[in-house]
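Structure for this input, please:
(one chain, ligands or ions: 1)
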Amino acid sequence: MTQDELKTLVGQAALQYIQAGSIVGVGTGSTVNKFIDALATIKDKIAGAVSSSVASTERLQALGIKVFEAGEVDELAVYVDGADEIDNAGNMIKGGGAALTREKIVAAQSLQFICIADDSKLVQMLGHFPVPVEVVPMAARRITRQFEALGGSAVLRLKNGLPLVTDNGQHILDVSGLSIADPLAFESQVNQWPGVVTVGVFAFQKASICLLGTADGVKTLNF
Ligand SMILES: O=C[C@H](O)[C@H](O)[C@H](O)COP(=O)(O)O
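Presented below is the predicted three-dimensional model:
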């Protein structure tokens, strides 16, 4: 099976967690796009979605799914999103698509985080994939030096030769060279640096369940 087919498989498998009449938390990325397509097949059975990015909002609306603001909803039963890496405790690196801040916000108001991923995303230790960190631009240089002191190397993410601007008007640093043995401690530490909007390690908002696409079908990992 191709990686794209595995993404379709897990996107469809996530439908089993969607309750009739509910508002669904929806992440961002190529795997979530498969989930959104699957969600459209049951759109008459759900109330709508809370989205984590402009891109997902546009896709949801184009398929006729009502999108609510996060602030219009108290709590979501389920948030479905992909990951760039996930370890065997459900900790993740996210933000390869630059949507990490809104993803963490919607995940935080959800009771269950259902991670959908193909098996290339499962790792022993987080950090091979460069950690995305959304930053206020004026702090980027100092934060870069703070990562260097941890042994990391931070690069400003570009789009068409210019700094990428997130949905929140901020920039992204991609930090390589880190071995994240304690994701919770790492997330806590970086969260305290002035100018960090969101660090793309999801340990506080880790996955409850991972639907992992493999050559043998979908494996369910419970954390
Ligand atoms: O900002 C993007 C998100 O964190 C995505 O969930 C993550 O990058 C995985 O995306 P994909 O499903 O395209 O690999």
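
Regarding Arg142, what is its secondary structure?
Three-state assignment for Arg142 (DSSP: H, G, I helix; E, B strand; the rest coil): helix.

Pull the contacting residues for the closest residue to it other than its chain neighbours.
Nearest residue to Arg142, sequence neighbours excluded (Cβ to Cβ, 6 or more residues apart in numbering): Gly195, at 7.0 Å. Placement of C-beta: from N, CA and C, glycine included. Each residue near Gly195 by Cβ atoms under 8 Å, 6 or more residues apart in numbering is listed here: 135-136, 138-140, 142-143.

do Ser56 as well
Counting by Cβ under 8 Å, 6+ apart, Ser56 touches 26-28, 32-33, 36, 99.

related to what we said a few turns ago, kindly give a single ChimeraX line that selects the buried subset of the contacts of Gly195.
What follows is the ChimeraX syntax selecting those of the contacts of Gly195 that are buried according to 16 or more other Cβ atoms under 10 Å:
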select :135,139,140,143
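
Counting residues, name the longest strand you see in this protein.
In the chain, taking DSSP state E as the definition, the longest strand is strand 110-118.

Which secondary structure elements does that one sit against?
Secondary-structure packing of strand 110-118 (3 or more Cβ pairs under 8 Å, 6 or more residues apart in numbering; DSSP states H and E): helix 3-13, helix 30-40, strand 76-81, strand 209-214.
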